[in-house]
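Peer 1: quick one, fold the following:
(one chain, ligands or ions: 2)
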Amino acid sequence: MKVCKFGGSSVADAKQIKKILNIINNDATRKYIVVSAPGKRHNKDVKVTDLLIALVEAVTYKKDYQELISQILERFLQIERELNIRHSLIETFRTQLNDYIMRYQDQPERLTDALKSCGEDFNAQLIASYNNEQGIMTTYLSPGDIGLIVSDEPSNAIVLEESYEKIKNNLAHAEGKVIIPGFFGVNKNGDINTFSRGGSDITGAIIASSLSSDVYENFTDVSGIFSANPNIVDHPASIIQLTYEEMRELSYAGFSVFHDEALLPVYRSQIPVNIKNTNDPDHPGTLITNTRQSTGVVGVSCDTGFASINMKKYLMNREIGFTRRLLSILEDMNISYEHMPSGIDDISIILRAHQLEGKEAKLLEKIEHELKVDALSIEKNIAILMVVGLGMKTLVGTANKATEAFKARNINLKMINQGSSEISMMFGIEDKDADQAVIAAYEAYFTH
Ligand SMILES: Nc1ncnc2c1ncn2[C@@H]1O[C@H](COP(=O)(O)OP(=O)(O)O)[C@@H](O)[C@H]1O
Ligand SMILES: N[C@@H](CC(=O)OP(=O)(O)O)C(=O)O
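Peer 2: Numbers count the residues shown, from 1 in each chain. Ligands and ions are numbered 1, 2, ... in the order given. From the prediction side, this is the model:
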């Protein structure tokens, strides 16, 4: 039995929906199907999730939002028309949107998550209804129906442990095909909370893990994962197989094709993930598993929007408890950090810059006051480039290749860090150099 997830590009219009139903209906083992909201049909198109976010803004700032409701419903209406659906769901969808707006107009976070969930929710209902009309027994089940319980963290929910058992029990005896909307769950009170953007991958992984699926098939618009972002590097090499660990590092730093938080459930249950292409379903795609033959560097990824807080203090290495007190300050202010490169008398905290919003001045003041540092500065617009590969452990000169390539392109290197697992190497550079650095590193590892 397989759990399959189809991303926004795979369910963007009637033509794509017909393709996914062919894929599902022609394979009896493809039983549990997670769908995203309709994504972009072409480069300049807008994802339904983004239209819903615009609707939230219009409602919040008391602007006229009827036009947006029409635009959102028009996307689904067009799909219904092209599929020749007999029983239209559009008026049910309209009522649902208006109900949420009335119910949550004074609760911005609840409003945001309830409206954002509609893209996936409506699409799942529509696809299930169409497949039934085609004579294939199909059930739509919402995250609430299956017991996908999440933390009460709007737009950033995390699955609660109890969900796995609930989902297993609730889905074990479902008949026919089951279509479930991705991207959201409900908290213990039944309120909708979405995962972070791209979170339908997480829903699929939770369900695959709950049901001990043979494989979690994640269908998108590319034939698997490439060694670098294809929007930056021209025709990068394809990856046939990689490990959960390698994928975690790559998706953490910019491989948007698979959400990094989706890896934990499948890793724990050791369920292979197969990234496949809806437009070329016979292509084997990329398989993510626990182990593979280790061969050098497997990929290069880069993400922007980091900041670095740099501290210097004479004899820092002798001061017992310095790092503990620094981390306590971060904990007290509810700030998480990503990396902590250090020297004898200096230490840097690398974090996602959005963590500093509204907290920067207070954080610097606390560090200055409580740690009595000699120098304190903050650098923004930092990008983190990751070079990843199990085989790096045994290779000499991996860092050298990247630094030489950066030097040749005049890219200023701010820091280098390697974790103890030795499956990745991190390079801190300036945001503006991110794309050039990916091209340089890709050429260094894959074309020479
Ligand atoms: N290393 C990579 N390998 C493959 N695709 C990548 C990579 N990095 C970024 N991408 C982008 O990820 C896209 C697929 O992810 P996404 O847009 O989230 O798909 P979906 O709509 O199916 O959820 C691809 O079209 C590609 O542009
Ligand atoms: N629709 C949501 C969730 C999602 O996973 O979408 P996609 O499969 O298109 O990345 C988003 O846009 O964030």
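
Peer 1: what pLDDT does the model give the closest residue to residue 247 other than its chain neighbours?
Peer 2: Nearest residue to residue 247 in three dimensions, chain neighbours excluded: residue 288, at 5.1 Å (Cβ to Cβ, 6 or more residues apart in numbering). C-beta: built from backbone N, CA, C; applies to glycine. In this model, residue 288 is scored at 96, pLDDT.

Peer 1: dihedrals phi and psi, residue 288?
Peer 2: phi -110, psi 120 (degrees, to the nearest 10).

Peer 1: next, the contact list for it, please.
Peer 2: 241-244, 247, 258, 263, 266, 272-275 (Cβ atoms under 8 Å, 6 or more residues apart in numbering).

Peer 1: could you give the bridge partners of it?
Peer 2: residue 242, residue 273 (DSSP bridges).

Peer 1: residues contacting the residue nearest in space to the middle of the chain?
Peer 2: Closest residue to the average C-alpha location of the chain: residue 259 at 2.8 Å, with Cα atoms, centre = their mean. Applying Cβ under 8 Å, 6+ apart, we find residue 259 in contact with 195-196, 198-199, 201-202, 251.

Peer 1: then residue 195?
Peer 2: 150, 156-157, 183-185, 202-203, 259, 261.

Peer 1: for residue 209, see how far away it is.
Peer 2: Noted for residue 195: a distance of 15 Å to residue 209, by Cβ to Cβ, to the nearest Å.

Peer 1: what does the chain put close to ligand 1?
Peer 2: Residues of the chain lying close to ligand 1 by Cβ under 6 Å from any ligand atom are 7-10, 36, 39, 198, 220-222, 225-226, 228-231, 255-257.

Peer 1: end-to-end on stretch 290-310?
Peer 2: 36 Å (Cα to Cα, to the nearest Å).

Peer 1: what separates stretch 416-431 from the chain centre, distance-wise?
Peer 2: Here stretch 416-431 is found 21 Å from its chain centre; the criterion is Cα atoms, centre = their mean, to the nearest Å.

Peer 1: can you give me the end-to-end span of that stretch?
Peer 2: Span of stretch 416-431 from end to end, Cα to Cα: 15 Å.

Peer 1: residue ranges with poor pLDDT in the protein?
Peer 2: 294, 394-395, 420, 448 (pLDDT under 70).

Peer 1: in it, which residue sits nearest ligand 1?
Peer 2: Nearest residue of the chain to ligand 1: residue 7, at 2.0 Å (Cβ to the nearest ligand atom).

Peer 1: which ones are touching the residue nearest to residue 277 when sequence neighbours are not counted?
Peer 2: Nearest in space to residue 277, with sequence neighbours left out and distances taken as Cβ to Cβ, 6+ apart, is residue 223 at 4.2 Å. In this structure, residue 223 makes contact with 238, 276-277, 280, 283, 285, judged by Cβ under 8 Å, 6+ apart.

Peer 1: now the helices for the stretch 101-250 of the chain?
Peer 2: 108-133, 143-146, 162-171, 200-210, 244-252 (DSSP state H, counting those that start in this stretch).

Peer 1: from memory residue 56 sits against residue 117, does it?
Peer 2: No - between residue 56 and residue 117 there is no contact under Cβ atoms under 8 Å: 11.5 Å.

Peer 1: neighbours of residue 66, how many?
Peer 2: 8 (other Cβ atoms under 10 Å).

Peer 1: state the distance from it to ligand 2.
Peer 2: Here the criterion is Cβ to the nearest ligand atom, to the nearest Å. By it, residue 66 lies 23 Å from ligand 2.

Peer 1: and the closest residue to ligand 2 within the stretch 51-200 of the chain, how many neighbours does it have?
Peer 2: With Cβ to the nearest ligand atom as the measure, residue 200 is the residue of the stretch 51-200 of the chain nearest to ligand 2, at 3.3 Å. Counted by other Cβ under 10 Å, the residues lying close to residue 200 total 30.

Peer 1: for it, which non-adjacent residue is spatially closest?
Peer 2: residue 182 (2.6 Å).

Peer 1: how near is that neighbour to residue 161?
Peer 2: 20 Å.

Peer 1: what does residue 221 give?
Peer 2: For residue 221, the distance to residue 161 - Cβ to Cβ - is 33 Å.

Peer 1: and what of residue 310?
Peer 2: 38 Å.

Peer 1: please apply the same query to residue 31.
Peer 2: Distance of residue 31 to residue 161, given as Cβ to Cβ: 24 Å.

Peer 1: likewise for residue 118?
Peer 2: For residue 118, the distance to residue 161 equals 27 Å [Cβ to Cβ].
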